[in-house]
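>>> when you get a sec, could you give me coordinates for this:
(one chain, ligands or ions: 1)
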Amino acid sequence: MDIQLTEEQREILKGRICPYCHVPTEYKNSVEVYGVDYGMIYYCPKCRAYVGVHKGTDRAKGRLANAELRRCKIEAHRYFDELYKRGIMKRTEAYKWLSEQLGLPPEYTHIGMFNPETCAKVVDVSKKYLETMRFALRRQDKIKAAFEPNGDETLTRIKESLTRYFAADRSEFPEGLRDIEDDFNQLPGEPYPTIAVNDVGNDSRMIEFYVIGKQYDVYRLAFKGFTKC
Ligand SMILES: [Zn+2]
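This is a model prediction of the structure:
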């Protein structure tokens, strides 16, 4: 993916030109404009749009934003940031995922650079992802290491099995089985409840996990093992 930007577009993303008025911006402390010190900002004297800078630098966090765009950015962060706050992905992985979702090169995948339409797309794709992602699997590198030389393959199989399990529409299940919690087994001597899910790699096997907690809608799971046939 490659994007050719005009000189003006580059200056806009650096906060040097106002994207609304196309005039050069002013670099000043917000206290001069708002009477409150949020640090340095790039500010448009014409329409009063502004953007802050990365801490300790004079680098703009993106393009100048008016009130509407600032709301859109907050909304985009509210959903997107959950992807790494919930531990579903690391922060860098989440941005890589977002660049793929939006079809943008990674260097232009920053919410501070986006217009309201792109922010709305961020909300949309993040929400969809969060709805399907109901689990966070702990210590994936350890699982991988335990199954070398087939570590990658086995980890993928485990995650696919979980994805299928959690994506199932349970609304048609018999009463008493419609909630994930209905599947929990509390075995004597075990520290956490366990669940067993079908193994996508072998119809006659299941894979067991400890359910070590739940945060938001996401179950935190630890791999226990494959059941015997
Ligand atoms: Zn302006």
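>>> is stretch 44-62 in proximity to the ion?
Yes: interface with the ion: stretch 44-62 contributes 44, 46-47, 49 (CB under 5 Å from the ion). In this view, the C-beta of every residue, glycine as well, is placed from N, C-alpha and C.
>>> what about the strands in this structure?
For the chain, the strands defined by DSSP state E occupy 26-29, 40-43, 50-52, 135-137, 194-198, 206-215, 218-226.
>>> would a markdown table of those with mean pLDDT and mean neighbour count be doable?
Conversion of the strands of the chain to a markdown table gives the following (pLDDT from 0 to 100; neighbours: other CB atoms under 10 Å):
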| stretch | mean pLDDT | mean neighbour count |
| --- | --- | --- |
| strand 26-29 | 96 | 14 |
| strand 40-43 | 96 | 22 |
| strand 50-52 | 95 | 21 |
| strand 135-137 | 88 | 19 |
| strand 194-198 | 95 | 18 |
| strand 206-215 | 93 | 17 |
| strand 218-226 | 93 | 18 |
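>>> these: which one's closest to E148?
Smallest distance to E148 across those (CB to CB): 14.8 Å, for strand 218-226.
>>> quick check: E190 touching Y210?
Yes: E190 lies in contact with Y210 (CB atoms under 8 Å); the separation is 7.4 Å.
>>> between the two, what contacts are shared?
Common contacts of E190 and Y210 (CB atoms under 8 Å, 6 or more residues apart in numbering): none found.
>>> circling back to that earlier point, make a PyMOL selection of the buried ones in the residues of stretch 44-62 next to the ion.
Burial among the residues of stretch 44-62 next to the ion is assessed by 16 or more other CB atoms under 10 Å; the matching PyMOL selection reads:
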select buried, resi 44+49
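>>> surely K61 touches G112?
Yes: counting by CB under 8 Å, K61 touches G112, with 4.2 Å between them.
>>> and for those two, which residues touch both?
Listed as contacting both K61 and G112 by CB under 8 Å, 6+ apart are V51.
>>> domain map for this protein?
For the chain, automatic domain parsing gives the domain ranges 1-64, 67-133, 135-226.
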